[in-house]
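Enquirer: Show me how the following folds:
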Amino acid sequence: MAGAGTLSKLIFWWLNPLMMKGKTKVLADEDIRNLRKEDTAEECYSRFMETMKKQRVSSSDSDPSILSTLFVWQWKELVVTGFFALVKVLALASGPLILRSFIRVFQGKESFENEGYFLALGLFLVKCLESVSERQLKFGSRVIGLQVKSMLCATIYQKQLQLSNDAKLSYSPGQIMNYATVDTDSDHS
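Expert: Take a look at the predicted model:
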């Protein structure tokens, strides 16, 4: 994905080589590429901590909340994902409008010649746009979630390294690992 172009990222074309390889053989670890640098736990943690430091400097009276720091840290990804959500909603809303126009055409109330063909093409394009925007919305949300989870795991681990001996007696290593892995995972059920 890191080296893929805009169109390839938009329609997930960058996944094709991996899928073709998976079709011919069982994938091994070396077949799957490494994460992008911005998706690694180390990079997520360092970017979040930089954002937290900037937030502390700008609001000198109190510590910034973790939630506001998360929004500042992920604002670009949130805007892009929000854009795809907006496109999806608009495409969803335009479908019934186009279908209503189809009904008018079939009732003989055509506004111009070949209106039915243009409506069919418009409906096709709107549904394609809806599909692409929905996939991008889900993928973008997933990437943001994984980056936040990686950052939280790294933060909990860093905090564990700084615990005093008395605090280490209060929490077992299993409890701490539970916080770092299970409690940061929002998908467990």
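Enquirer: In this structure residue 153 contacts residue 41, no?
Expert: Yes. The pair residue 153 / residue 41 is scored as a contact, 6.1 Å apart, by CB atoms under 8 Å. (C-beta placed from N, C-alpha, C; glycine too.)
Enquirer: Which residue ranges of the protein form strands?
Expert: Counting by DSSP state E, the chain has no strands to list.
Enquirer: in it, which spans are helices?
Expert: 6-10, 16-24, 41-58, 66-73, 75-106, 115-161, 165-170, 173-181 (DSSP state H).
Enquirer: hmm, who's touching stretch 135-149?
Expert: Contact with stretch 135-149 is made by 10, 12, 38-39, 44, 70, 74, 77-78, 80-81, 84-85, 88, 184-186, as judged by CB atoms under 8 Å, 6 or more residues apart in numbering.
Enquirer: could you measure residue 95 against residue 25, distance?
Expert: Using CB to CB, to the nearest Å, we find residue 95 at a distance of 41 Å from residue 25.
Enquirer: Just want to know which of the two has more residues nearby.
Expert: Ranked by neighbour count (other CB atoms under 10 Å), residue 95 and residue 25 place residue 95 first, with 14 against 8.
Enquirer: Farthest from the middle of this protein: give me that residue.
Expert: residue 108 (45.5 Å; CA atoms, centre = their mean).
Enquirer: Need phi/psi at that one.
Expert: Main-chain torsions, residue 108, degrees, to the nearest 10: phi 90, psi 10.
Enquirer: How about residue 12?
Expert: phi 60, psi 30.
Enquirer: tally of neighbours for it?
Expert: 15.
Enquirer: Report the contact partners of it.
Expert: So residue 12 contacts 135, 139 (CB under 8 Å, 6+ apart).
Enquirer: State the distance from it to residue 136.
Expert: The spacing between residue 12 and residue 136, counted by CB to CB, is 9 Å.
Enquirer: cool, residue 110 as well?
Expert: Distance from residue 110 to residue 136, by CB to CB: 36 Å.
Enquirer: more crowded one of those two?
Expert: The residue with more neighbours, out of residue 110 and residue 136 and counting by other CB under 10 Å, is residue 136; that gives 21 against 13.
Enquirer: Residue 173 and residue 151, how far apart?
Expert: Using CB to CB, residue 173 is found at 21 Å from residue 151.
Enquirer: same thing with residue 26?
Expert: 32 Å.
Enquirer: With neighbour numbers in mind, choose between the two.
Expert: Neighbours per residue (other CB under 10 Å) separate residue 26 from residue 151, with residue 151 holding more: 23 against 7.
Enquirer: correct me, but that one touches residue 40?
Expert: No. Using CB under 8 Å, residue 151 is not in contact with residue 40; the gap is 10.3 Å.
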